[in-house]
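Asks: Give me a model of this one.
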Amino acid sequence: MSASAIATRSPLTSLAALALAALLVFVAALLIGSSGIAVSTALAALTGSGDEATRSVLLAVRLPRVLAAFGVGSLLALAGVLLQALFRNPLADPYVLGVSGGAAVGALLAMIAGLAAVLVQSAAIAGALCAVATVYLLARGGGTPRLLLTGIVLASACGALVSVLLATADSSRVRGMVFWLAGDLEWAVNPWLSAVTAVLAVVLAILVARPLNVLAAGELRARAVGLALERWRMLVFVACAALTAIAVVSAGTVGFVGLITPHAVRLGFRTSDHRIVAPAAALAGGMLLAAADLVARTIAAPRQLPVGAIMALVGAPLFVMLLRGRAR
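Replies: The predicted structure is shown next:
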């Protein structure tokens, strides 16, 4: 659907159309996979007239993965919306704060130690929290520019540590580490964490849409209307870090979702009102990552590719197209 077609509709109608598209992608990702189950067979199993083995594959294997894809995509998209409002920079994305880098270092250290998947996720959370605390302490009192620069420097440092860890790790563990770094939904052992968090985050973003709109308008406007600027900066910073950490723990490092989704929503809906942008970005981000995961599961079946790699291959040209559309 073109941007002009969406723009001629009311925001609620456009949101409803986007929700319908997301539902169609959800159903397609649930019915289509790499196991060779026909769509008609999958439909029969879901309606109760098929065999139990097929139903088990759909509900125990595919459904959690699709839920995780929608949850992680929504979290990254919302984090992108909040960060671009905070920095007033359309190139800001969820990984600019160094959260993903810290999580990656923690997770890789746990993998090198041979820990279980749950402990790997716990180590990723610890790494993300350490990164957030480091950025906050180093950037405290310097405003948004120092926050942004500190996050970029920390992300670069974490990237160097990741390279060292990959170079020194045992060869038997490198493949799993590379898949985690490239983004892999196999790590989403608890898909409800990201899915429920995304729903709650959308509701909160709508409730605080007015302060977000003021924050995105600039510091002078915020001070003119009496917004507690430093407090809101810190709240948005912590919220972005939390959303990104949950997404990274669930699926590794998946890029481009938080960068291109806010662009696409603002361009398509012709608005920067966060009452519209936040829920639309969550729907679009979840739909985009679920579609990318569907491609990752089926394009080289029975092999499964990292969803982060598919997202990068699609996201780069899509971002260029969005920039061209924004220029026009």
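Asks: Skip the chain neighbours and tell me the closest residue to G159.
Replies: Nearest residue to G159 in three dimensions, chain neighbours excluded: G101, at 6.0 Å (C-beta to C-beta, 6 or more residues apart in numbering). Every residue, glycine included, has its C-beta placed from N, CA and C.
Asks: what distance separates the helix or strand hosting that neighbour from the centre of its chain?
Replies: Element membership for G101, per DSSP states H and E: helix 99-112. Here helix 99-112 is found 17 Å from its chain centre; the criterion is C-alpha atoms, centre = their mean, to the nearest Å.
Asks: after it comes which helix or strand?
Replies: helix 117-139.
Asks: Between helix 99-112 and that following helix, find me the angle.
Replies: 140 degrees (axes from the mean of the first three to the mean of the last three C-alpha atoms, to 10 degrees).
Asks: So, low pLDDT: which residues of the stretch 101-250 of the chain?
Replies: 142-143, 187 (pLDDT under 70).
Asks: Break down it into its helices, ranges please.
Replies: For the stretch 101-250 of the chain, the helices defined by DSSP state H, counting those that start in this stretch cover 117-139, 143-168, 171-182, 191-207, 209-217, 219-224, 229-251.
Asks: Number of residues surrounding L75?
Replies: Other residues near L75 come to 34 when the count uses other C-beta atoms under 10 Å.
Asks: quick revisit: packing partners for the helix holding G101?
Replies: Where contact means 3 or more C-beta pairs under 8 Å, 6 or more residues apart in numbering; DSSP states H and E, helix 99-112 is packed against helix 117-139, helix 143-168, helix 171-182, helix 229-251.
Asks: thinking again about what came up before, with mean neighbour count and distance to S14 added, can I get the helices of the stretch 101-250 of the chain in a markdown table?
Replies: Listed next are these as a markdown table, based on neighbours: other C-beta atoms under 10 Å; distance: least, C-beta to C-beta, whole Å:
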| stretch | mean neighbour count | distance to S14 |
| --- | --- | --- |
| helix 117-139 | 19 | 34 |
| helix 143-168 | 16 | 31 |
| helix 171-182 | 15 | 33 |
| helix 191-207 | 18 | 16 |
| helix 209-217 | 19 | 17 |
| helix 219-224 | 13 | 27 |
| helix 229-251 | 22 | 24 |
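Asks: nearest residue to L181 other than its sequence neighbours?
Replies: T253 (5.7 Å).
Asks: Name the SS class of that neighbour, please.
Replies: T253 falls in the coil class when you classify it by DSSP: H, G, I helix; E, B strand; the rest coil.
Asks: can I assume it is in contact with A182?
Replies: Yes. In terms of C-beta atoms under 8 Å, T253 counts as a neighbour of A182; the distance is 7.4 Å.
Asks: For the residue nearest the centre of the chain, give me phi and psi.
Replies: In the chain, the centroid-proximal residue (C-alpha atoms, centre = their mean) is L76; its distance is 2.4 Å. With angles defined as degrees, to the nearest 10, L76 sits at phi -70, psi -40.
Asks: Against L288, how distant is it?
Replies: The spacing between L76 and L288, counted by C-beta to C-beta, to the nearest Å, is 9 Å.
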